[in-house]
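A.B. asks: Build the 3D model from these lines:
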Amino acid sequence: MKIDISEILNRETTHIDINFEGNVEGLENPINGYFFPENVSFRGALIRVKNLLNLSGKINFQFDTNCYRCLQNIHGDMTIDVNENVYNAATVKPGDDVFTYEGNYLDLDVILKNYIILNLPMKEVCSPECKGLCPKCGKNLNKGKCDCDDDMYINPQMEVLKQLNLNDNE
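C.D. replies: Numbering: from 1, shown residues only. Here you go, the predicted structure:
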C-alpha cells in the first residue's frame, strides 16, 4: 500500500493517521513455514520530525504454521509494535540500512513485511508440554504412548559406535 505523504512533506500538517487493513505485498507465499491466511492490520501514525518521518503503531496479523515437535497445525496471531524512522531516498547513501520514501509516496508494505518477518519465532510449538513424535514409528506422543521398544533409539548411522569399548584404557 502506498501512502500519499505530500501533506507532511509540504508542511501542511505534522502527522497522518494510518488505519490499514489488507494484504501486504510479499506475504502471499509461505515464509519460513509460516502462512498468512488473513489480512494484516496496522493502526498508527506517520509524524514529521524535522527532516525525517517517524512511523509508529501496531501491526496485527494471523498465521498458520506447524508445531516444531509434533507437526500439528498451529493457528495463531501476533501483535508487533512499530517505531521506525523513514528517510528521503535522495538523502540516503547507498548501502544504508534504513527505510526510505521517494517522491510523495511511502510504500508501507515494505516496512510491514520486514517487521513481520523479523519478529516471527524461529520455532513454534503447540504447547510447552508437547512430547513430539516417536523417532522410530512417528506416532504423535501427545495422543498416547507408542508400541515401540523402550530400548534407547540409536540412529542407524551411529550404530557402529556401539562396537567401540570406551572402558578400555589400552
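
A.B. asks: only C-alpha atoms for contact and neighbour calcs from this point on.
C.D. replies: Will do.

A.B. asks: Model confidence score at the residue most central in space within the chain, please.
C.D. replies: In the chain, the residue lying closest to the centroid (C-alpha atoms, centre = their mean) is Leu120, at 2.5 Å. With respect to pLDDT, Leu120 has a value of 92.

A.B. asks: same question, His15
C.D. replies: Note on His15: pLDDT of 89.

A.B. asks: ok, now Glu102?
C.D. replies: At Glu102, the pLDDT recorded in the model is 88.

A.B. asks: wait, doesn't it sit right on Val92?
C.D. replies: No - the criterion here is C-alpha atoms under 8 Å, and Glu102 misses it with Val92 at 11.0 Å.

A.B. asks: All the strands of this protein, residue numbers only.
C.D. replies: Ranges of strands in the chain, per DSSP state E, are 2-4, 15-22, 40-49, 52-66, 73-88, 99-101, 105-107.

A.B. asks: next one: phi and psi at the nearest residue to Ser6 once chain neighbours are set aside?
C.D. replies: Among residues not flanking Ser6 along the chain, Asn104 sits closest, at 5.0 Å (C-alpha to C-alpha, 6 or more residues apart in numbering). For Asn104, the backbone dihedrals are phi -100, psi 20 (criterion: degrees, to the nearest 10).

A.B. asks: from here on, count from 869
C.D. replies: Got it, the first residue is 869 from now on, which makes the last one we talked about Asn972.

A.B. asks: so what's Asn956 bridging to?
C.D. replies: Beta-bridge pairing for Asn956 (DSSP bridges): Tyr969.

A.B. asks: what residues are up against it?
C.D. replies: Contacts of Asn956 were listed using C-alpha atoms under 8 Å, 6 or more residues apart in numbering, and they are 920, 968-970.

A.B. asks: again, but for Gly894
C.D. replies: Lys981 are the contacts of Gly894 under C-alpha under 8 Å, 6+ apart.

A.B. asks: Tell me where the model's unsure across the protein.
C.D. replies: Within the chain, the segments meeting pLDDT under 70 span 1018-1021, 1033-1038.

A.B. asks: In stretch 900-911, which residues are buried?
C.D. replies: 902-905, 907-910 (16 or more other C-alpha atoms under 10 Å).

A.B. asks: Rebuild those as JSON lines, extending it with distance to Glu896.
C.D. replies: Formatted as JSON lines, the buried residues of stretch 900-911 follow (distance: C-alpha to C-alpha, whole Å):
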{"residue": "Tyr902", "distance to Glu896": "11"}
{"residue": "Phe903", "distance to Glu896": "8"}
{"residue": "Phe904", "distance to Glu896": "7"}
{"residue": "Pro905", "distance to Glu896": "8"}
{"residue": "Asn907", "distance to Glu896": "10"}
{"residue": "Val908", "distance to Glu896": "11"}
{"residue": "Ser909", "distance to Glu896": "15"}
{"residue": "Phe910", "distance to Glu896": "17"}
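
A.B. asks: Alright, I will stop here.
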